[in-house]
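return atomic coordinates for the entry below.
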Amino acid sequence: MYKVVIIGGGWSGCAAAVSARKAGAEVTLLEKTDLLLGLGNVGGIMRNNGRFTAAEENIALGARELFDITDRCARHTNVNFPGHRHASLYDVVKVEPQVRSLLKDMGVEIRLMSRAIDVEKRREEPIVVDRILLADGEKVEGDVFIETTGSTGPMGNCLTYGNGCCMCILRCPAFGPRVSITQKSGKSDIMGKRKDGAFGAFSGSGKLEKSSLSDEIRKKLEETGVAVIPVPKEEIVKEKLDLKVCQQYALNEYAENIILLDTGYAKIMTPFFPLESLRRVPGFENARYVDPYAGGKGNSIRYLSVAERENTMKASGIENIFCGGEKSGLFVGHTEAISTGSLAGHNAVRYLKGMKLLELPTGLAIGDLISFANENLRHEDGLMTRYTFAGAEYFKRMKEKGLYSTDPAAIRERVRRYGLEDIYSERML
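The predicted model follows:
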């Protein structure tokens with residue numbers, strides 16, 4: 001049986017594993033930590049704004065499994081908060097075990113604490129990768145590879161471009177740094193920028209222990225899923241909005257208020273907030289960060305390792321590497337990761353079968369996002385933009401093009417008109 005090797009077990013890697021396995025390939029998933037989902041373990045926001053459309057497009061295309069899990073684990077649905085409508089907030093503690101069980105039941109080989117550090121190539125021109133080298137010296141052979149290593153870390157990037165290692169969920173000091181497989185294969189990665197020209201961007205949120213908050217705030221969170229608490233004028237720092245990776249949350253409301261979402265923890269929608277200042281806000285007198293632990297000072301730095309790719313998710317200049325998630329563009333969010341990973345997994349099997357690779361049409365939001373983000377990377381301004389179905393520049397584009405919809409039947413019909421209904425469910429090998 002043909003073998004697909006996926007490097008990186010975040011949302012995108014898991015989605016690639018699901019679609020490649022459904023298409024009939026043998027699948028091995030390599031993850032350097034002891035948890036799948038990566039930043040998905042501290043995320044929790046689904047179906048807000050255009051992500052509803054993209055979720056339903058994925059389901060219509062045949063990639064429903066991961067959305068079924070996040071829907072099932074939702075603590076709150078149809079939540080509205082500044083700039084966002086009809087969000088679903090999943091419990092970040094419950095999701096990972098269910099995703100792990102899904103992959104195991106599907107027959108995916110999951111290799112945790114398996115850090116990829118290099119490649120061995122079968123051919124140089126064009127580049128064909130033969131095997132992945134792990135930190136312990138083992139070599140993992142494959143017929144096609146999918147890199148979904150993300151763009152957060154290694155620790156040196158957070159030291160150089162941020163405020164130091166923030167001790168986030170990826171735990172680089174314990175599990176080792178992320179390594180770019182496309183770069184090890186001989187290609188150069190793209191580095192995203194901030195508005196001031198500095199490289200990278202801060203992750204846009206943190207987690208507070210709910211029990212460290214006042215009874216009133218906890219009650220509000222658990223009843224409605226969201227709490228908006230005004231920040232004293234002397235503590236407002238609007239400059240932090242330009243640091244955020246999540247430009248869909250870079251609204252004045254996010255500087256003038258503390259916005260919390262209930263994802264099991266209290267998700268605080270700011271890159272960082274000095275603990276001493278936070279504890280001066282009524283209701284936060286005993287506040288405590290749980291991710292990142294240094295959330296009073298900084299957050300993880302992302303978007304310093306993006307592969308050049310085609311709209312089929314194949315890495316440019318490498319015959320048998322595909323990519324997804326943040327590795328494949330300046331994308332923000334779980335839905336975006338699942339969307340790109342699902343296509344990468346499907347096309348990896350098409351490659352093995354010798355079939356024409358699938359490029360999703362721009363009449364679908366997923367296809368348009370993938371194409372639009374890729375095209376904009378050619379321009380300097382494009383390196384300072386983040387692409388998400390949930391807001392900022394791309395959600396505006398979605399609405400202008402008539403791609404935004406909250407009608408699942410209409411979305412499925414749109415996918416059907418392109419002849420793509422349930423295409424990810426087709427077995428090819």
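
check contacts around the closest residue to M1 other than its chain neighbours.
Nearest-residue entry for M1: E26, 4.4 Å, with adjacent residues in sequence omitted and distances by Cβ to Cβ, 6 or more residues apart in numbering. Using the backbone N, CA and C atoms, a C-beta is placed for each residue, glycine as well. Contacts here follow Cβ atoms under 8 Å, 6 or more residues apart in numbering; on that basis E26 touches M1, Y2, K3, V4, E109.

distance-wise, check the last one relative to I69.
In other words, E109. 20 Å (Cβ to Cβ, to the nearest Å).

show me where the protein dips below the pLDDT cut-off.
235-251 (pLDDT under 70).

domain-wise, how is it divided?
Domain segmentation of the chain under automatic domain parsing yields 3-77+88-196+301-425, 201-291.

winner for burial among these?
Most buried of the domains of the chain, by mean neighbour count (mean count of other Cβ atoms under 10 Å): domain 3-77+88-196+301-425, with a mean of 21.

ends of that one, what's the gap?
Using Cα to Cα, to the nearest Å, the end-to-end distance of domain 3-77+88-196+301-425 comes to 18 Å.

shouldn't R111 be in contact with T33?
No. If you go by Cβ atoms under 8 Å, R111 and T33 don't touch, sitting 11.6 Å apart.

tell me who's in contact with Q98.
Q98 sits in contact with I69, R72, C73, where contact means Cβ under 8 Å, 6+ apart.

could you dump those residues to CSV with secondary structure?
Shown next, in CSV, are these (DSSP: H, G, I helix; E, B strand; the rest coil):
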residue, secondary structure
I69, helix
R72, helix
C73, coil
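
list just the nearest of these to T263.
Relative to T263, the closest of those is C73; by Cβ to Cβ it sits at 9.9 Å.

any idea how far G44 is from the closest one?
For C73 relative to G44 (Cβ to Cβ), the value is 9 Å.

which neighbours do the two share?
Counting by Cβ under 8 Å, 6+ apart, the residues touching both C73 and G44 are Y90, D91.

name the helices or strands packed onto the top helix by length along the chain?
If you go by DSSP state H, the chain has its longest helix at helix 334-353. Contact partners of helix 334-353 among helices and strands, from 3 or more Cβ pairs under 8 Å, 6 or more residues apart in numbering; DSSP states H and E: strand 3-7, helix 11-22, strand 45-46, helix 50-61, helix 65-72, strand 144-147, strand 321-323, helix 365-376.

contact partners of the last one?
Put plainly, it is helix 365-376. So helix 365-376 is contacted by 50, 53-54, 57-58, 61, 309-311, 313, 329-331, 336, 339-340, 343, 359-362, 382, 385, 387, 389, 394, 397-398, 401, 403-404 (Cβ under 8 Å, 6+ apart).

CA atoms only: put that helix into PDB for me.
What follows is helix 365-376, C-alpha atoms only, in PDB (Å, rounded to 0.1, in the frame of the first residue of the first chain):
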ATOM      1  CA  ALA A 365     -14.900  30.100  -0.100                       C
ATOM      2  CA  ILE A 366     -12.200  27.500   0.600                       C
ATOM      3  CA  GLY A 367     -10.900  27.600  -3.000                       C
ATOM      4  CA  ASP A 368     -11.000  31.400  -3.000                       C
ATOM      5  CA  LEU A 369      -9.200  31.800   0.300                       C
ATOM      6  CA  ILE A 370      -6.400  29.400  -0.800                       C
ATOM      7  CA  SER A 371      -6.000  31.200  -4.200                       C
ATOM      8  CA  PHE A 372      -6.300  34.800  -2.800                       C
ATOM      9  CA  ALA A 373      -3.800  34.200   0.000                       C
ATOM     10  CA  ASN A 374      -1.300  32.700  -2.400                       C
ATOM     11  CA  GLU A 375      -1.600  35.500  -4.900                       C
ATOM     12  CA  ASN A 376      -1.100  38.200  -2.200                       C
END
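
what's the angle from the following helix or strand past it to helix 334-353?
Where DSSP states H and E defines the elements, the next helix or strand beyond helix 365-376 is helix 392-400. Per axes from the mean of the first three to the mean of the last three Cα atoms, to 10 degrees, the angle that helix 392-400 makes with helix 334-353 is 80 degrees.

quick one, the helix or strand that helix 392-400 is followed by and helix 365-376 angle?
Next in sequence after helix 392-400, counting helices and strands by DSSP H and E, comes helix 408-417. On the basis of the same axes, to 10 degrees, helix 408-417 is oriented at 70 degrees to helix 365-376.
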